[in-house]
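> Have a look; sequence and predicted model below, questions after that.
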Amino acid sequence: MEIEDKRDWISSIKSVDECGGHKYARYAHLQLPFYAIVGGKLPELLSEYQRPFPMVTTVWLKIHKGAASGNVSELLDGAKEAIIEFKRTVSRLFPNATTFGVTSSIVFGRDESHMEPYAGRLFSEFLRGGEGIQYFSADNNIVDSGLATAATGLTHITYAECSSVQTFVELIRNNSPTLQSLYIEAIDPQLLARLVQLPNMDTVEYPELTRLTVGCADRMAVVGRSTLVGSPFPRLQHLSLTQAYPFTNDVVFRGNYQRLEHLSLHLDTSDILILNGYGTFAKGRFPNVNHMELSFVDQSFDKELAELAAAAQTIAPTVYVFLRKLEDAPLSLLRYLKITDLSLSMNNVLDILHWLPTLAQMVFEPEGAEGPDVCIADML
């Protein structure tokens, strides 16, 4: 279900409401202008929606700036109450929602900087009160600092934006006792280390976390790896770490070697040397892993990587190895091949099939496709 600040959408949704559709919707997407909300225009925008949607469990707010109307001073006078009323309306319409998400594309001009605290309050009011939070910001980091302490008991957090925000670091740490799923995309390669280590060097534990995905847009090696003690993720079953490994030991795996079922790692030689020093990839360390992915992007297939690729075959029944160049691949093991940003003739394809008698599947993306030259070896 979508609610948008356009008459055609309102008319469409009204017809669904009239025929009882409000009883069946499970997902709500609110696409609304910021200035309309803080300007008290919400009753006008949502006047068609009087009955609650009891089956909706996820409410997503996609917010854009919109245009300010009337006197700005008068708008600010009523902004706080308008934000509270917005939250009340959301709670009334979706009484059983447990997950709240925000996608923000607001960019305030220099003469609008005084509006940022109100945007932060709006996001924080909207996000609190559920079991899960999802936050995506393309251009800004406007979140009220009070969210870190107001939103408690969360079981899942998804966070992706243009730079790390201390408010979300504190939010995640504060919810460490209850979090079950954590998904993060940021540009700070030290973000994971910040989440598990307090300024006083104490380790933050996540005793209920079973799924952890951490990605970093900056693929450069971490400067100044952290040394931690303890077992921050003792119940982890699904781990995806698509960035340089930020620690000097195997702390990420401590306590969960026997529990992990899905393992996806982006490694370079220095990462492998660290983890090998703790026997991380020794035979029998991951008895329950059934799917494993190893990425060696921008890295030549040297001795350490070759040994790890070979050892991976003893860890999981299905292993995908992502390599930069086809000539680096252990060709005798290739079962699945994907080639991007290459222009191959039919003769080239026939040659590849001749060279790789064990190949079960080949995917070809023509020149100009996004992504690096990657071949994937599925070693069975």
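That came through fine.

> from here on, contacts and neighbour counts on C-alpha atoms
Noted.

> List the contacts of Arg121.
83, 143-144 (Cα atoms under 8 Å, 6 or more residues apart in numbering).

> remind me, longest helix of the protein?
Using DSSP state H to define each element, the chain has its longest helix at helix 79-93.

> Output the contacting helices and strands for the very next helix or strand once past it.
The helix or strand immediately downstream of helix 79-93 is strand 99-104, counting by DSSP states H and E. Counting contacts by 3 or more Cα pairs under 8 Å, 6 or more residues apart in numbering; DSSP states H and E, strand 99-104 is packed against strand 58-64, helix 116-127, strand 132-137.

> Quick check: buried residues in the second one?
In this case it means helix 116-127. Neighbour-count burial for helix 116-127, counted by 16 or more other Cα atoms under 10 Å, picks out 116, 118-127.

> Let me see the mean pLDDT of that helix.
Mean pLDDT, helix 116-127: 86.

> can you check stretch 278-291 too?
For stretch 278-291, mean pLDDT rounds to 89.

> Can you measure across that stretch, start residue to end residue?
In stretch 278-291, first residue to last residue: 22 Å (Cα to Cα, to the nearest Å).

> likewise stretch 35-49?
Terminal residues of stretch 35-49 are spaced 20 Å apart (Cα to Cα).

> what about the closest residue to Arg26 other than its chain neighbours, distance to Leu122?
Nearest non-adjacent residue to Arg26, counting by Cα to Cα, 6 or more residues apart in numbering: Val56, 3.7 Å away. Distance of Val56 to Leu122, computed by Cα to Cα: 21 Å.

> Which of the three states applies to Phe233?
Here Phe233 is coil, with the state taken from DSSP: H, G, I helix; E, B strand; the rest coil.

> Over to it: give its phi and psi.
When read as degrees, to the nearest 10, the backbone of Phe233 gives phi -130, psi 70.

> Tell me where the stretch 101-250 of the chain has helices.
Taking DSSP state H, counting those that start in this stretch, the helices of the stretch 101-250 of the chain run over residues 116-127, 147-150, 166-174, 191-196.

> Switch these over to TSV; also include distance to Val251.
As requested, the helices of the stretch 101-250 of the chain are exported to TSV (distance: least, Cα to Cα, whole Å):
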stretch	distance to Val251
helix 116-127	32
helix 147-150	26
helix 166-174	17
helix 191-196	10
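
> Can you check which of those gets nearest to Ile274?
Relative to Ile274, the nearest member of the helices of the stretch 101-250 of the chain by Cα to Cα is helix 191-196, separated by 15.8 Å.

> residue contacts, Gln237?
Gln237 sits next to 210-211, 256, 259-262 when contact means Cα under 8 Å, 6+ apart.

> what does Leu154 give?
Contact analysis of Leu154 by Cα under 8 Å, 6+ apart lists 130-133, 175, 178-179.

> again, only this time at 7 Å
When contacts are counted by Cα atoms under 7 Å, 6 or more residues apart in numbering, Leu154 is found next to 131-132, 175, 178-179.

> So which of the residues you listed is the closest to Ile157?
Gly132 (5.6 Å).

> Which residues does the closest one form beta bridges with?
Beta-bridge partners recorded for Gly132 (DSSP bridges): Thr99, His156.

> Show me the shaky parts of the stretch 201-350 of the chain.
Applying pLDDT under 70 to the stretch 201-350 of the chain flags the ranges 217-224, 296-306, 309-310, 313, 318, 320-344.

> again, only using 50
Counting by pLDDT under 50, the stretch 201-350 of the chain contains low-confidence ranges at 341.

> Stretch 196-212: which residues count as buried?
Neighbour-count burial for stretch 196-212 flags 196-197, 203-212 (criterion: 16+ other Cα under 10 Å).

> Keep only those of those residues that are in strands.
Members of the buried residues of stretch 196-212 lying in strands (criterion: DSSP state E): 211-212.

> Phe34: how many residues sit nearby?
Neighbour count of Phe34, defined by other Cα atoms under 10 Å: 23.

> Now it. Nearest residue, chain neighbours left out?
In space, Phe34 is closest to Lys65, 4.9 Å off (Cα to Cα, 6+ apart).
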